Every structure is written in C-alpha cells, then in structure tokens.
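# sequence-free structure coming up:
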C-alpha cells in the first residue's frame, strides 16, 4: 500500500527548491534587464527606476 498516487515529502521539497530557484533567477534577470534601460525607456513603460525591484518581485511571483 503506501503512498501510491501522492508525492513523497522529499519530492515536494525538491519541487519547492526548484521553483524558488527559478523565481529567484527570473527576479535577477528582470532586475538586470530593467537596470540596463534608460530612464526614458522606463518612463515609457510606466516604471520609476526606484521601483525596479518591486516590479521584478511581481514578475517573479514573489
């Protein structure tokens, strides 16, 4: 009998670690991309330079 059809606790933890890593990577990529933009480009997108980290957190699902 056992755990047929359900995840083991270890697999769930591994999935959470992978998801967290992917979210962190998406956050860092977004910060880097927005950071390379000029103030005018950011303005055109409606983003203030001081809001880059907040926007990146939202994009990464944090």
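Perfect, I can see it now. If you're wondering where the values come from, they're calculated on a predicted model, not measured in any experiment.
# buried sites along the helix or strand containing residue 52?
Using DSSP states H and E, the element containing residue 52 is helix 52-59. Using 16 or more other C-beta atoms under 10 Å as the test for burial, helix 52-59 gives 52, 55, 56, 59. C-beta here means a position set from N, CA and C on the backbone, and glycine is covered the same way.
# need the contact list for the third one.
The neighbourhood of residue 56, defined by C-beta atoms under 8 Å, 6 or more residues apart in numbering, consists of 27, 28, 30, 31, 34.
# element containing the first one, please.
Right, the one you point to is residue 27. Per DSSP H and E: helix 9-35 holds residue 27.
# so after the worst-scoring helix or strand of the chain on mean pLDDT, what's the next helix or strand?
None of the helices or strands of the chain scores lower by mean pLDDT, DSSP states H and E than helix 9-35, at a mean of 93. Later in the chain than helix 9-35, the nearest helix or strand by DSSP H and E is helix 39-45.
# in that following helix, what counts as buried?
Buried, per 16+ other C-beta under 10 Å, within helix 39-45: residue 42.
# Counting by contacts, list what that helix packs against.
Here helix 39-45 touches no other helix or strand, going by 3 or more C-beta pairs under 8 Å, 6 or more residues apart in numbering; DSSP states H and E.
# Among the contacts of residue 56, which one sits closest to residue 45?
Closest approach between these and residue 45, by C-beta to C-beta: residue 34, at 8.4 Å.
# before we move on, back to that, would you convert the contacts of residue 56 into TSV that also reports distance to residue 18 and neighbour count?
As requested, those are exported to TSV (distance: C-beta to C-beta, whole Å; neighbours: other C-beta atoms under 10 Å):
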residue	distance to residue 18	neighbour count
27	15	19
28	16	12
30	19	18
31	21	17
34	25	19
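# Could you save those as CSV and add columns showing distance to residue 42?
Listed next are those as CSV, based on distance: C-beta to C-beta, whole Å:
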residue, distance to residue 42
27, 17
28, 18
30, 12
31, 12
34, 7
